[in-house]
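>>> Coordinates for the following, if possible.
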Amino acid sequence: MCTVDLGLSPANQSFEMIVDTGSSVSLLPAHVYETYFSHIPLKPTKVPLVTYSRQRIPVLGKLHLRAFHDGNTASATLFIVKSGSILLGLDLFEALEMVLMRNRVVLKSEQTPLKVTKQKGPHSYTLDNGKTWDASHLSVLPETFTPPSEEVRPAEPATVHGAQSRNQRIRKQPVWIEDYVT
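Residues are numbered from 1 along each chain as shown. Have a look, this model is predicted:
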């Protein structure tokens, strides 16, 4: 959830919106539109919306507003639907330059890496923001483990439908954090 101000004038309305980065568009239920924005005519739309399970979502129209969050401003297109929740989709999430960090919405400009200041236990660390980080979910490397070579070698040539093809091997290198690997 995050609070976003929506409107066309200095008298904007604040809304708690459900953040859904799996939704490509932002939604506003009809009762919210009628309560706060009915003086603005809806624009027709032919965009078909469907749920994750491929069920059609009835769309009444779309509404163009300005969106404001923590000093950032963006043009917002909200699809008005018969019922449901106020949904902040990926379109508005990216336009307002938001990111999810530790289960909360922050601006990209607030995203700074944290540093470990002290080890509190075998898997517990104090970060520079004063919070404790539990690293017990990371795999402890055995004492005899040596990191793999950084080399990436191509696979052997293969014949596909009579044509020679050389498949390249792609490997994502693990991130090494002292004695742990993610």
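>>> Lowest-scoring secondary structure element of this protein by mean pLDDT?
Every helix and strand in the chain was compared by mean pLDDT, DSSP states H and E; the lowest is strand 163-165, with a mean of 41.
>>> low pLDDT regions in this protein?
9-10, 102, 106-114, 136-182 (pLDDT under 70).
>>> Could you give the number of residues near the closest residue to V25 other than its chain neighbours?
Once flanking residues are discounted, V25 sits nearest to G89: 4.6 Å by Cβ to Cβ, 6 or more residues apart in numbering. No exception for glycine: its C-beta is placed from N, CA and C like everyone else's. Neighbour count of G89, defined by other Cβ atoms under 10 Å: 22.
>>> G89 contacts S23, correct?
Yes. Using Cβ atoms under 8 Å, G89 is in contact with S23, at 3.9 Å.
>>> could you point out which element follows the helix ranked longest in the chain?
Ranked by number of residues, the top helix in the chain under DSSP state H is helix 90-95. As assigned by DSSP states H and E, the chain's next helix or strand after helix 90-95 is strand 98-101.
>>> elements contacting that following strand?
strand 104-107 (3 or more Cβ pairs under 8 Å, 6 or more residues apart in numbering; DSSP states H and E).
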